[in-house]
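Asker: curious how this folds, go ahead:
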Amino acid sequence: MATTWNTAQIPDLTGRTAVITGANSGLGVRTAQALGKAGAHVVLAVRDLDKGKAAATEVPGSHEVRRLDLADLASVREFAASWDGELDLLINNAGVMIPPEGRTKDGFETQFGTNHLGHFALTNLLLPHLTDRVVTVSSTAHRYVRGINFDNPNFTGDYRAQRAYGQSKLANLLFTLELQRRLDEIDSPLRALAAHPGYAATNLQSSSSNPLMRLVMAVGSRFLAQDAMAGALPTLYAATQDLPGVSYLGPDGMFEMRGGPTLVSRTAAASDPAAAKRLWAMSEEMTGVTFPLSKTE
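Answerer: Prediction:
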């Protein structure tokens, strides 16, 4: 994987369908543009239909916009229930980053509920339709936490935005690990992969409630970050290249901040199979959604 890899090297995706969450801006819309240009039918799964329709005007080829609010499990169930037919590719891209303390519709801490639990439920509900792979977007921020706070995953009474964000991104990697283990266990050809964009300039950097943090991020986005299209390359590589399950893609530059897509490492906490199984069990209990597949004899 060289730094020269770009969207021109994406294979022909004619006849394939991809769902991209959070596809109305940032990494999501750039991912949608690249897959649409390669011939895929792209479904922009967005919370705000008006913003999604505006973003869709920039997506070439066949596409549609559907409403999906990952912070509302009823919306997730409605989206999945409306799906008819096969789905080749699910890209769990949407996310929130270091917002003020809040709760999802179902009472979960906003970042854990949106970034992890929403995607956990969506993936499992769509698995019976999937034919190829799931790519979940994580972050180098998974390195900022030592593990999942299983005793208090919603940080009730002890909210720290950065720590909660790091936990949600660690959860993305543990989810990918356990999903692939379950797929392997039933001899499924499906693959679960993950990616991170490095330091990419998107609207996520403006969501902090801390004015100083917003200023620091604004300066960083101006002088250090790569643009959203470059940030989307690891996701696109994971989505379109022949890679084994659990592969984790990120930029190949210093500190994985920018550069071309390459295989990158994760922390020991993100590679812990016991923690991955425990998180999966907790996520099933919190969402009421379970792994739907079984081995076909």
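Asker: strand partners (parallel or antiparallel) of the longest strand belonging to the chain?
Answerer: Assignment by DSSP state E gives strand 130-137 as the longest strand of the chain. Strand partners for strand 130-137, identified by DSSP bridges, are recorded as strand 87-92 (parallel), strand 191-195 (parallel).
Asker: can you pull the buried residues of that strand?
Answerer: 130, 132-137 (16 or more other Cβ atoms under 10 Å). For every residue, glycine as well, the C-beta is placed using N, CA and C.
Asker: who's in contact with that strand?
Answerer: 16, 27, 86-93, 95, 119, 123, 172-173, 175-176, 179, 190-197, 235, 238-239 (Cβ atoms under 8 Å, 6 or more residues apart in numbering).
Asker: all the helices of the stretch 101-250 of the chain, residue numbers only.
Answerer: 110-111, 119-126, 161-185, 211-223, 228-240 (DSSP state H, counting those that start in this stretch).
Asker: can you tell me which of those helices comes nearest to Y248?
Answerer: Of all the helices of the stretch 101-250 of the chain, it is helix 161-185 that lies closest to Y248, at 7.0 Å by Cβ to Cβ.
Asker: just checking the distance from that closest one to the centre of its chain.
Answerer: 10 Å (Cα atoms, centre = their mean, to the nearest Å).
Asker: buried sites along it?
Answerer: For helix 161-185, by 16+ other Cβ under 10 Å, it's 161-183.
Asker: so for stretch 282-291, mean pLDDT?
Answerer: Stretch 282-291 carries an average pLDDT of 98.
Asker: now F79. Nearest residue, chain neighbours left out?
Answerer: Nearest residue to F79, sequence neighbours excluded (Cβ to Cβ, 6 or more residues apart in numbering): L68, at 4.5 Å.
Asker: just for the chain, where's the confidence low?
Answerer: By pLDDT under 70, the low-scoring segments of the chain are 1-3, 202-225, 297.
Asker: wait, what's in contact with L126?
Answerer: 19, 80, 83, 87, 90.
Asker: surely T262 is within a strand?
Answerer: Yes. Checked against DSSP: H, G, I helix; E, B strand; the rest coil, T262 lies within a strand.
Asker: so how many other residues sit close to it?
Answerer: Using other Cβ atoms under 10 Å, T262 has 19 other residues around it.
Asker: that one and L249 touch, don't they?
Answerer: Yes. With contacts counted by Cβ atoms under 8 Å, T262 reaches L249, the gap being 6.9 Å.
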